[in-house]
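In: Everything below, folded, please.
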Amino acid sequence: MNELPLTRITIDWSRIGPRSYLRNIKAICGIDQLDFEHPVTFFVGENGSGKSTLLEGIAVAYGFNPEGGTKNYNFSTYDSHSELCDAVKVSRGPYKAAGGYFLRAESFYNVATMEEEYSRGSNYGSQYYHKRSHGESFLKLVKTSFRPRGIYLLDEPEAALSPQNQLTLLLEMARLSRQGAQFIVATHSPILLALPDAGILSFDDGALHPCGYEDTGSYQVMSLFINNRENVLHHLLEDDLSSES
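Out: Numbers count the residues shown, from 1 in each chain. Just a heads-up that it's a prediction; the model follows:
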């Protein structure tokens, strides 16, 4: 039995307008149903391939605020989420998730501000994320708020983290997933993608498909650069100089 908090999504395309830009995102427009079978699922692909759009649609359909936070957060500083959330139906596992969080690197500042406001007059003190660096705030959030059997949707969490702290996040994800937590993560990080036994879904090549770690663009580009740095830079800079002449 699949005991993950979120086991499947389906997309009802009749609820999406015929001229919607969503129909032009190749990896998304081919999805009618998507099953989640791993405690950690990574979405990978080039910028604009649709991974963050799908993650956002899933998060909002599950009940999270579009800009991020827990399911108790209800605010909006800029309404930019797509209509996909209205077409997504989520299938939940047999056990209720013990908490959860939707993290968007681009809007975490707004979430941190609301966290301070929500904490006023409550029994829970603020973590005062604004008094920490972006990376420190995010790791504090993970260590204090992420729980076993929770569900966590993370959009490019590496944007805030040094390589060392990406390893810290990887360890936390491994620990929590062994205790029943579920993660769905859109990322470009070859460090996070190395998490053993995670599922990787690529949005490249026009259709959503499973992908091996060493087949991801993130791994291949980073490996090429690290192992052949001088040659890569030589060709890049030579081509750049040629285009200017």
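
In: Low-confidence ranges, this protein, go.
Out: 1, 72-82, 105-134, 239-245 (pLDDT under 70).

In: For it, which segments are assigned as helices?
Out: 26-29, 51-62, 84-87, 108-119, 134-145, 163-178, 217-227, 229-244 (DSSP state H).

In: among those, which is the most enclosed?
Out: helix 51-62 (a mean of 23; mean count of other Cβ atoms under 10 Å). C-beta coordinates here come from the backbone N, C-alpha and C atoms, glycine included.

In: How far off centre is it?
Out: 9 Å (Cα atoms, centre = their mean, to the nearest Å).

In: related to what we said a few turns ago, identify whichever of the helices of the chain lies nearest to Gly100.
Out: helix 51-62 (7.7 Å; Cβ to Cβ).

In: related to what we said a few turns ago, can I get the helices of the chain in TSV with distance to Arg19?
Out: Formatted as TSV, those follow (distance: least, Cβ to Cβ, whole Å):
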stretch	distance to Arg19
helix 26-29	13
helix 51-62	16
helix 84-87	14
helix 108-119	30
helix 134-145	37
helix 163-178	39
helix 217-227	30
helix 229-244	37
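
In: Please identify which of the ones you listed is closest to Ala98.
Out: Evaluated over the helices of the chain, closeness to Ala98 peaks at helix 163-178, with 10.7 Å, by Cβ to Cβ.

In: Next, the angle helix 134-145 makes with the closest one.
Out: 20 degrees (axes from the mean of the first three to the mean of the last three Cα atoms, to 10 degrees).

In: Which elements pack onto helix 163-178?
Out: helix 134-145, strand 182-186 (3 or more Cβ pairs under 8 Å, 6 or more residues apart in numbering; DSSP states H and E).

In: again, only using 7 Å
Out: The contact analysis (3 or more Cβ pairs under 7 Å, 6 or more residues apart in numbering; DSSP states H and E) places helix 163-178 against helix 134-145.
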